[in-house]
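Novice: Need the 3D shape of this:
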Amino acid sequence: MFARMNTFTKITVIIVMLLVPILAVYIYSNQTSIRVVEEQLIQSNFNRLSFFLRQMDNISEQIWRSSYLMLEDPDAIRMQNQAMDNRTLVSLLSRQAVVEDLEKLRTSLPWDVELTIYAPETELVVTTTRKRDYDFSYFESNYSLQWSYRLLNLNGENEAYMVRHMTKPFAMEMNQEAMGLILEVAVPEREIANLLEQLRADGPGEPIFYHMDYGAVGSPSAKAEQLASYEELLRTVVLQDQGHEIVEIGRIAYLMNYARSETLNWYLIDMIPLESIMQPIEHTMLLFYLTVALLLCIGLVCASLLYRNVQMPIHRLTRGVQRLRRGEYAFRLTGKIPDEFAYLFSEFNVMSSEIQTLIEKVYVEQINVRKAKLRQLQAQINPHFLYNNFNFIQSMAQMDNKEAVIAFTQHLSHYYRYTTRMGDGLTTLREELSLVQSYLEIHKMQMERLAYDVDVDEALMSASFPPLLLQPVVENAVVHGIENRLGDGYIRIRGEQTAQGFQLIVEDNGKGMTPMELRRQSQQLLQDSMEEEGCGLRNVHQRLQHMFDPRSGLALAESPFGGLRVTLQVVLPKE
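Specialist: Here you go, the predicted model:
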């Protein structure tokens, strides 16, 4: 059945078959995403509450610990002296000093708090608030070692405070005769409300501070009736130390996250309407379904047009390019084609014809250039070597050193026998090393201070190698390295296999190069110059790249013996 359908119908069926599982997967993933979002939201909100609660606990402990130090203040301790009263100058000065210390402490604290120090024995009071009176009966009825919630009368108006007391020495209960100084720290409710306002601005919910005995404290912007409804609900809920619940108030579902303050013993609760969380997700899901339906219709229309007017011509062009890549340069595009692709098909045919012509020309030209360049590079090396040897022969003849002349001519004849018999342009590494040893023996006869070592793996001796490729490097070490320094000269030639081929290393203890000269010489290796001067190492580098893989070549570095280290890196081409 499917095989009998035309191409357009097949594409339509395939699109539908693809969309159906996509929709099924999306519905499943959407439900999973909703659960994940809810869990992440609960965890994120709980982390925010915990962090905020820790900040409140830290601030309250900071206030308490900083304030408690006032009980050790010498002026405050002096208030317990029976000789002190409100009329003496000393008493006034001491109390003034305590007031100043309390004001300084108050300004340094993160919350706007009220601080009071009371001496029961002398009934002296120092406080930062001047709106109310203190006596022993007040402390006797309100004394609390933990933070408590109090309504304090200020100028005839009640204002809510979080209050905590402490004595020095410490006392669990009030005793006017045996009790020392009493410290009272009072944090106004508005400070808690302001912090809740900050928390409210950072999230979607309504944060409240709740205690089952004292009720709920909300942010300044919280509505009174809403706060009352929250408080009414919380009276019916059993709260653990921390957790979350889905609750309903007035047919509106809320996500309630809560955590208890270990210091203040109040609950920080955040009420988030679930509608504000789920509405964007539901809206996105509906929008997705509508978009999929619309895309399905548009996709069917576009698929037909694209397949007929674009896909088929592109497919033909692609097949043409693939045939060109395989070397079928005589291939041409024919047949009926849309107007939009007529120009491309015509230019493709013209391009194929031109490529066929150019490749034939370039291929022949490259072969001729390669042969000419190799011949030119070989010609640059041979005269340079010959001129140097003539100078040595002349020097030995002038010294009437017949044995040296005989040995030199024997080595020289060995060299020219070696070069003139090369027919295919390649030799073995063993024969190339034999030539280099003859060359070094000639210099060793002239310079008794010259010594050399050859250490090459036996497995490399039969490897194919271009002739006269190693000799210029050794000659460079002798002429520019050993001859330009006093003392014994030493040259070491090593050969070893590598992962990609093999390498020959020529090291000497000669004059060497400065870092700047070394960099300049390394850059010259990369230049494609035909200048005769200073081209020995560059010719070797270029010949290595021509004869082997382009990654082959020379590498220059400082020798551990003090001179120059030249590495001939041979990368064998992949079969």
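
Novice: Tell me who's in contact with L195.
Specialist: L195 makes contact with 52, 56, according to Cβ atoms under 8 Å, 6 or more residues apart in numbering. Where you see a C-beta, it was placed from the backbone N, CA and C, and this is true even at glycine.

Novice: what do you get for the one 5 residues further on?
Specialist: For R200, the contact set (Cβ under 8 Å, 6+ apart) comprises 206-207, 219, 221-222.

Novice: do the same with G481
Specialist: With Cβ under 8 Å, 6+ apart, G481 has these contacts: 489, 508-512, 563-564.

Novice: Just flag the most distant two among the contacts of R200.
Specialist: Within these, P207 and S221 form the most distant pair, 11.1 Å apart (Cβ to Cβ).

Novice: Tell me which of the two has more neighbours.
Specialist: Neighbours per residue, other Cβ atoms under 10 Å: of P207 and S221, the larger number sits with P207, 26 against 11.

Novice: hang on, isn't the more buried one packed against W266?
Specialist: No. At 12.0 Å, P207 does not count as touching W266 under the criterion of Cβ atoms under 8 Å.

Novice: Can you say which of the contacts of G481 are buried?
Specialist: Buried members of the contacts of G481, counted by 16 or more other Cβ atoms under 10 Å: 489, 508-510, 512, 563-564.

Novice: which of these lies closest to I314?
Specialist: Nearest to I314 out of the buried ones among the contacts of G481 is L564 (Cβ to Cβ; 57.9 Å).

Novice: Leaving out sequence neighbours, find the closest residue to that closest one.
Specialist: Once flanking residues are discounted, L564 sits nearest to G512: 5.4 Å by Cβ to Cβ, 6 or more residues apart in numbering.

Novice: can you confirm the one you found is in a helix?
Specialist: No. Under the criterion used here (DSSP: H, G, I helix; E, B strand; the rest coil), G512 is coil, not part of a helix.

Novice: just the contacts of R200 now: which is nearest V474?
Specialist: Nearest to V474 among the contacts of R200, counting by Cβ to Cβ, is P207 at 85.9 Å.

Novice: For the closest one, give me the pLDDT.
Specialist: Model confidence at P207, given as pLDDT, is 90.

Novice: what residues are up against it?
Specialist: P207 sits next to 49, 196, 199-200, 218-219, 268-271 when contact means Cβ under 8 Å, 6+ apart.

Novice: try it again with 10 Å
Specialist: Residues near P207 by Cβ atoms under 10 Å, 6 or more residues apart in numbering: 45, 48-49, 52, 195-200, 217-219, 222, 257, 268-272.

Novice: Please narrow these to those residing in helices.
Specialist: Using DSSP state H, the members of those that fall in helices are 45, 48-49, 52, 195-200.

Novice: hmm, back to that, gap between the residue nearest to L564 and Y490?
Specialist: 13 Å (Cβ to Cβ, to the nearest Å).

Novice: anything in contact with each of those two?
Specialist: Shared contacts of G512 and Y490, defined by Cβ under 10 Å, 6+ apart, comprise 481, 559, 561-563.

Novice: Return the member of those nearest to P313.
Specialist: Among the shared contacts of G512 and Y490, S559 lies closest to P313 (Cβ to Cβ), at 63.8 Å.

Novice: That closest one: neighbouring residues, count only.
Specialist: S559, neighbours per other Cβ under 10 Å, totals 21.

Novice: Phi first, then psi, for it.
Specialist: phi -80, psi 140 (degrees, to the nearest 10).

Novice: Could I get the contacting residues of it?
Specialist: S559 neighbours (Cβ under 10 Å, 6+ apart): 477, 481, 490-492, 505-510, 512, 565-566.

Novice: The same query, at a cut-off of 6 Å, please.
Specialist: When contacts are counted by Cβ atoms under 6 Å, 6 or more residues apart in numbering, S559 touches 507, 565.

Novice: do you know how far it is from S522?
Specialist: For S559, the distance to S522 - Cβ to Cβ - is 15 Å.

Novice: for Y210, same thing?
Specialist: Y210 sits 78 Å away from S522, going by Cβ to Cβ.

Novice: okay, now Q527: neighbour count?
Specialist: A total of 11 residues lie near Q527 under the criterion other Cβ under 10 Å.

Novice: try R520
Specialist: Neighbours around R520, by other Cβ under 10 Å: 11.

Novice: so how far is M399 from it?
Specialist: Distance, R520 to M399, by Cβ to Cβ: 37 Å.

Novice: contacting residues around E61?
Specialist: Contacts of E61 by Cβ under 6 Å, 6+ apart are T263.

Novice: Which helix or strand contains it?
Specialist: In this assignment (DSSP states H and E), E61 forms part of helix 7-68.

Novice: if you average pLDDT over the following helix or strand past that helix, what comes out?
Specialist: Of the helices and strands lying after helix 7-68 in sequence (DSSP H and E), the nearest is helix 74-78. Helix 74-78 carries an average pLDDT of 82.

Novice: in helix 74-78, what's buried?
Specialist: 75-78.

Novice: Likewise for stretch 393-412?
Specialist: Neighbour counts over stretch 393-412 (16+ other Cβ under 10 Å) mark 396, 404-405, 407-408, 411-412 as buried.

Novice: Distance from it to the middle of the chain?
Specialist: Distance of stretch 393-412 from the chain centroid (Cα atoms, centre = their mean, to the nearest Å) equals 68 Å.

Novice: Likewise for stretch 539-552?
Specialist: 39 Å.

Novice: Looking at the ones in helices among the contacts of P207, which gets the smallest pLDDT?
Specialist: Lowest confidence among the ones in helices among the contacts of P207: N45, with 79.

Novice: contacting residues for the spatially closest residue to that one that is not a sequence neighbour?
Specialist: Closest residue to N45 apart from its sequence neighbours, by Cβ to Cβ, 6+ apart: N257 at 4.8 Å. N257 is in contact with 45-46, 49, 244, 270, counting by Cβ under 6 Å, 6+ apart.

Novice: With Q356 instead?
Specialist: Y329.

Novice: Next, it: secondary structure please.
Specialist: Assignment for Q356 (three-state DSSP): helix.

Novice: Y490 is in contact with A451, correct?
Specialist: Yes. Under the criterion of Cβ atoms under 6 Å, A451 makes contact with Y490 at 5.2 Å.

Novice: More neighbours: which of those two?
Specialist: Ranked by neighbour count (other Cβ under 10 Å), A451 and Y490 place Y490 first, with 21 against 15.

Novice: what's in contact with the helix or strand containing the more buried one?
Specialist: Y490 belongs to strand 489-497 when assigned by DSSP H and E. Strand 489-497 has contacts (Cβ under 6 Å, 6+ apart) with 449-457, 460, 477, 482, 504-509.

Novice: Tell me the buried residues within the residues you listed.
Specialist: The neighbour-count test (16+ other Cβ under 10 Å) marks 450, 452, 456, 460, 477, 482, 504-509 as buried among the contacts of strand 489-497.

Novice: Restricted to strands, list those residues.
Specialist: The strands in this structure, assigned by DSSP state E, contain 450, 452, 456, 504-508 from the buried ones among the contacts of strand 489-497.

Novice: Can you tell me which of those residues is closest to I14?
Specialist: Checking these one by one against I14 (Cβ to Cβ), the nearest turns out to be L504, at 61.4 Å.

Novice: Burial check on T318, number of neighbours?
Specialist: A total of 10 residues lie near T318 under the criterion other Cβ under 10 Å.

Novice: Is it part of a helix or strand, or is it coil?
Specialist: When classified by three-state DSSP, T318 comes out as helix.

Novice: Confirm Y329 sits in a helix?
Specialist: No. Secondary structure of Y329 (three-state DSSP): coil, not part of a helix.

Novice: Give me the neighbour count for it.
Specialist: Using other Cβ under 10 Å, Y329 is surrounded by 16 other residues.
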